[in-house]
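Peer 1: The following comprises the amino acid sequence and a computationally predicted model.
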Amino acid sequence: MRLRHLVLAVSVCSLLAITSAAAELADTQVFRIGHDYSEIGTLDPTRGAGTDSKTPIHTIFEGLARFPLGKLTYDEIEPALAESWEISESGLVWTFHLRQGVMFHKGYGEMTSEDVKFSYERHTDPDTGSVWAGNYAGIIERIETPSPYEVRFILKTPYPWFLTLVLDTDGGYIVSKAAVEDLGLDDFQFNPVGTGPFEFSNYVPMDKLVLARFDEYWRGTPILEEVVYHLLPDETARVLALKAGELDALRGSEEAQWVQSRIDEGYIVDLSRTQLQEIYINLTREPWDDIRVRRALAHAIDREAFLQYFGIVAEPAYFSGFPPHVFGSLTLEECPSVLQYEYNPAKARQLLAEAGFPDGFTDSTYISETPGRLNPWLIVQEQLRAVGINLELIVVEHSVFHEKSRGDENSLTDYACNRVPLADVFLTQFFHSDSIVGKDTAVTNFSHYGDVLDSIDEEIEAARATTDLEEQRLLYQTAQMKLLRDIPSIPCFVRGAVLVRQPYVDLGYELEATLLYGYAVTENTRILEH
């Protein structure tokens, strides 16, 4: 199963000469990144699910395995902190052989199997504040450490995609057991200790996060001396700093003209389409518990309107659950037209009247201040107003948005995410009954699907139990059809991060696809003479 490349890199200059091995290094090896948040919620990988923290967490921590740099190809997953692994014939025992001599930051010594066991027990336990516990629900029976460099995961049932749970993303990172025990859960959040190429140096809210080169990094001493995330939520300020040469890279606007302007100015622009932007409907709240109101919402949204804003950055989405590039996704040809919910404001108003709201109704939702989240919702707000739904947008900091949405305080929750390209991951996190927000294993089932309405648990778990790809595909398509019938969510469009860098920034790899919301920084990333 192979993910097609979804990242477009554009530049007006020739990169061959710039990124050649013979290129001269700049005297100062500091990578200055414009981070589009005023604060970072946490640097603890067990607690950090927000886009504000994911990229720096990836720079500090590593997993047992990883995707090849700049790619999202499942069949090319390669060793990282584990140098090899093997699976028992039953599929119930996964044994990982750890790399020896891998050192933790801050003098916390060598990584061993005890750290790995501790990390995954922490990730799977909701009492630690883990936002990833639902990923592991019903999968791991226990973890054994037969030696300092060997870890065995004994599963409850065979899970053919177990590697996705030990990758360097989401809940797959390895932390230092000693550091967590020394510092405690709260202090560890801003004194993180991992094994990555850069270690935590200092953090000043509303100003910057500084990571320093880790000289003992097992892959080799990094070229960069520091990675500095400048906290600049104002997009104009980030662009001005880039043009003034005060920033080397940033995450930019998805607005079509903005992207074209950066291309015309000679910057390297990397575009990705790996995120499904979706509106999750809280089925426990009136009037959204009425299928007619949910159908009205679906018919009120004009997906094509988003393309006027996003241009080449986005494409329309018609199916719930996961982006169209993920194995098992429906196609338009496979889906009945009635479940595609074409844009039809008159139909939306009719359905609202039938549900007892001839004059519409008013509701509110918390939404992140970040432009990539807020601007699409301004489009949605206008579309809903046209059919009589007056939606108040309560704009808050991104970390507060996560608190509110995960705290079950929204009727409608806007969410988009990068996940490993497997349908199981998306369906489990957003629609499995074990992942309902408010339960002990809460992750991101904002709709309470599987609680108020019948679940798709059976399809998810049946797909896990078979290695037959065709059977898996049919099960995932059945699950998508159920979601379209019940409408616990409204798919809007597929989008991704817009990443911009100066021509003199050599990432050290070719970027074709990414799960991050920024650039992955490695030991080979460097600043060239300019």
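Peer 2: That came through fine. Numbers count the residues shown, from 1 in each chain.

Peer 1: by contact count, what packs against the helix or strand hosting residue 479?
Peer 2: If you go by DSSP states H and E, residue 479 is part of helix 469-486. On a contact count with 3 or more CB pairs under 8 Å, 6 or more residues apart in numbering; DSSP states H and E, helix 469-486 meets helix 423-431, helix 457-464. (Each C-beta comes from the backbone N, C-alpha and C, glycine too.)

Peer 1: Kindly recompute the last result at 6 Å.
Peer 2: Judged by 3 or more CB pairs under 6 Å, 6 or more residues apart in numbering; DSSP states H and E, the packing partners of helix 469-486 are helix 457-464.

Peer 1: Touching the helix it packs on from outside, list them.
Peer 2: 159, 427, 432, 433, 472, 475, 478, 479 (CB atoms under 6 Å, 6 or more residues apart in numbering).

Peer 1: For residue 216, state which of the residues you listed is nearest.
Peer 2: The nearest member of these to residue 216, counting by CB to CB, is residue 159 at 34.2 Å.

Peer 1: Check the contact between the closest one and residue 139; I expect there is one.
Peer 2: Yes - counting by CB atoms under 6 Å, residue 159 sits close enough to residue 139 to count as a contact (5.2 Å).

Peer 1: These two: which has the busier surroundings?
Peer 2: Using other CB atoms under 10 Å as the criterion, residue 159 and residue 139 rank with residue 159 on top: 21 against 18.

Peer 1: Can I take it that the more buried one is in a strand?
Peer 2: No - Residue 159: not assigned to a strand; according to DSSP: H, G, I helix; E, B strand; the rest coil it is coil.

Peer 1: how much does the helix holding residue 479 deviate in direction from helix 457-464?
Peer 2: 160 degrees (axes from the mean of the first three to the mean of the last three CA atoms, to 10 degrees).

Peer 1: Now do helix 469-486 against helix 423-431, angle only.
Peer 2: Going by the same axes, to 10 degrees, helix 469-486 makes 20 degrees with helix 423-431.

Peer 1: how far away is the residue nearest to residue 160 when sequence neighbours are not counted from residue 327?
Peer 2: In space, and not counting its chain neighbours, residue 160 is closest to residue 467: 5.5 Å by CB to CB, 6 or more residues apart in numbering. For residue 467, the distance to residue 327 equals 13 Å [CB to CB, to the nearest Å].

Peer 1: Next, the distance between the ends of stretch 395-411.
Peer 2: 15 Å (CA to CA, to the nearest Å).

Peer 1: for stretch 224-235, same thing?
Peer 2: Per CA to CA, the first residue of stretch 224-235 is 26 Å away from its last.

Peer 1: List the buried residues of it.
Peer 2: Using 16 or more other CB atoms under 10 Å as the test for burial, stretch 224-235 gives 224, 226, 227, 228, 229, 230, 231, 232, 233, 235.

Peer 1: same check, this time on stretch 80-89
Peer 2: 80, 81, 82, 85, 87.

Peer 1: Can you tell me which of these end up in strands?
Peer 2: Using DSSP state E, 82, 85, 87 are the members of the buried residues of stretch 80-89 that sit in strands.

Peer 1: Skip the chain neighbours and tell me the closest residue to the second one.
Peer 2: Counting by CB to CB, 6+ apart, residue 96 is the residue found nearest to residue 85 once chain neighbours are left out, at 4.6 Å.

Peer 1: tell me the phi and psi of the one you found?
Peer 2: Note on residue 96: backbone dihedrals following degrees, to the nearest 10 are phi -110, psi 130.

Peer 1: list the contacts for it?
Peer 2: When contacts are counted by CB under 6 Å, 6+ apart, residue 96 touches 64, 82, 85, 151.

Peer 1: Going by distance to residue 71, which of those wins?
Peer 2: Nearest to residue 71 among the contacts of residue 96, with distances taken as CB to CB, is residue 64, at 17.8 Å.

Peer 1: Pull the number of nearby residues for the closest one.
Peer 2: Neighbour tally, residue 64, other CB under 10 Å: 28.

Peer 1: Just the local confidence number for it, please.
Peer 2: Here the pLDDT value assigned to residue 64 is 98.

Peer 1: try residue 309
Peer 2: Looking at residue 309, its pLDDT stands at 81.

Peer 1: excluding its backbone neighbours, what's nearest it?
Peer 2: Per CB to CB, 6+ apart, closest to residue 309 is residue 255, 5.9 Å.

Peer 1: Residue 121 in helix, strand or coil?
Peer 2: Secondary structure, three-state DSSP: residue 121 is helix.

Peer 1: Excluding chain neighbours, what is closest to it?
Peer 2: Nearest to residue 121 is residue 143, by CB to CB, 6+ apart, at 6.5 Å.

Peer 1: In the sheet, which strands lie alongside the host helix or strand of that neighbour, parallel or antiparallel?
Peer 2: Using DSSP H and E, residue 143 sits within strand 140-147. Partner strands and pairing direction for strand 140-147 (DSSP bridges) are strand 150-155 (antiparallel).

Peer 1: what's in contact with the partner strand?
Peer 2: For strand 150-155, contacts defined as CB under 6 Å, 6+ apart pick out 92-97, 113, 116, 139-145.

Peer 1: Over to the closest residue to residue 222 other than its chain neighbours. Which of the three states is it?
Peer 2: With sequence-adjacent residues excluded and distances taken as CB to CB, 6+ apart, residue 222 is closest to residue 523, at 4.1 Å. Following three-state DSSP, the label given to residue 523 is coil.
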